[in-house]
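S.K.: model the following, please.
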Amino acid sequence: MNQLRFDSGLGCYSVSAAPDSVWISKGMGTHCLQVQLQVGIPEVGKSAGRLLLLETVLAAPDTGHGPRMPLAWANVALAFNSDGEIRPPTLQYLITNTQLHALEQQRNGDLRLELQVTGFLPQADPARFPAASPVTEHITIAESRWRQQLANLGRTLGVDMVIPFPDGDEPRETAGRFLREAQRLLGGNDIDPAMLQVRKALETIGNASSWRRPTTKTPKDDWTAGARWVLVRAALEDQASGAMHVGLGTKDYKYTRDEVEVLISMTAVLLRVMP
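M.R.: Got it, this is the predicted structure:
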């Protein structure tokens, strides 16, 4: 338990966070990690006002390789009575897949987090300083409990990859422009036009790369890595082209947003390895 100490007459407020109150759940494109605090409000006079503001920073502690790493921020306002009470505010933090994977990489057994809390009394007597020095709560979550919570996230706990588009290098730049345009169109939910831009990017890669398609006489075991990349690119182009033709197998097919996103990502990967 920590204490937020204010100027004389404004009171001393206790703050604690129970490890079993930490919970992570599915969010909209992210995950929501919540922590419940126990805030002890002392008996105070009118000079303290009736409102306590808490600014909090959730962080991963120093593991010996550098400073602690902030993860997310959350604030809460607590109205209180003058005769003292215990208030249990719940703090909610948005955590990305990338941050969760980083936590897992540094975790060794139990999960350890730090919660920095700073208190303010905005209605306090103007003659008193209305802020308390920050305090840090150390939270330890048992490994078994944390692993169960991660398992409950199911497929939402995926693998995020950041795939940069090349810039300033023709013809990679040309293909990169097609992919950026595909992303722009996808933002407006223009699925087929976005897929057409992906197809153009794949065609550009096919025309510019030095990969050579294996001959029909070359045994599969003798194919070079470049020959295999040729076939990967050709397969992606076929997938990006099928629903735009009137072939019997695909004439009635409708691309989905997920398919366009996957093909944009895979084409960007090809750009990175194109000779």
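S.K.: quick check, central residue of the chain?
M.R.: Nearest to the geometric centre of the chain sits residue 96, at 2.0 Å (CA atoms, centre = their mean).
S.K.: and the pLDDT at the closest residue in space to that one that isn't next to it in sequence?
M.R.: The shortest distance from residue 96 to any non-neighbouring residue, by CB to CB, 6 or more residues apart in numbering, is to residue 30 (5.4 Å). Backbone N, C-alpha and C define where each C-beta goes, glycine included. At residue 30, the model reports a pLDDT of 83.
S.K.: got it, and residue 162?
M.R.: At residue 162, the pLDDT recorded in the model is 55.
S.K.: tell me, how many residues neighbour the residue nearest to residue 96?
M.R.: For residue 30, the neighbour count with other CB atoms under 10 Å is 16.
S.K.: tell me the contacts of it?
M.R.: By CB atoms under 8 Å, 6 or more residues apart in numbering, the residues touching residue 30 are 94-97.
S.K.: hmm, try it at 10 Å
M.R.: Taking CB atoms under 10 Å, 6 or more residues apart in numbering, we find residue 30 in contact with 72, 93-97, 99-100, 156.
S.K.: how close does it sit to residue 60?
M.R.: With distances taken as CB to CB, to the nearest Å, residue 30 is found 17 Å from residue 60.
S.K.: any idea how far the residue nearest to residue 96 lies from residue 183?
M.R.: Taken as CB to CB, the span from residue 30 to residue 183 is 20 Å.
S.K.: got the residue ranges for the helices in the protein?
M.R.: Counting by DSSP state H, the segments of the chain that form helices are 97-106, 143-152, 172-187, 191-208, 225-241, 257-273.
S.K.: tell me which of the ones you listed is the most buried.
M.R.: helix 191-208 (a mean of 21; mean count of other CB atoms under 10 Å).
S.K.: touching, residue 139 and residue 2? I think so.
M.R.: No - Residue 139 is beyond contact range of residue 2, at 11.9 Å (criterion: CB atoms under 10 Å).
S.K.: higher neighbour count, those two?
M.R.: Between residue 139 and residue 2, counted using other CB under 10 Å, residue 139 has the larger neighbour count: 19 against 16.
S.K.: got the phi and psi for the residue nearest to residue 96?
M.R.: When read as degrees, to the nearest 10, the backbone of residue 30 gives phi -140, psi -170.
S.K.: show me what contacts residue 219?
M.R.: Per CB under 10 Å, 6+ apart, neighbours of residue 219: none.
S.K.: err, residue 46, not the other one
M.R.: Applying CB under 10 Å, 6+ apart to residue 46 gives the contacts 9, 82, 123-125.
S.K.: pLDDT score assigned to it?
M.R.: Predicted confidence (pLDDT) for residue 46: 91.
S.K.: report how many residues lie close to residue 18.
M.R.: Neighbour count for residue 18, taken as other CB under 10 Å: 13.
S.K.: contacts only, for it.
M.R.: 35-38, 88, 137, 139.
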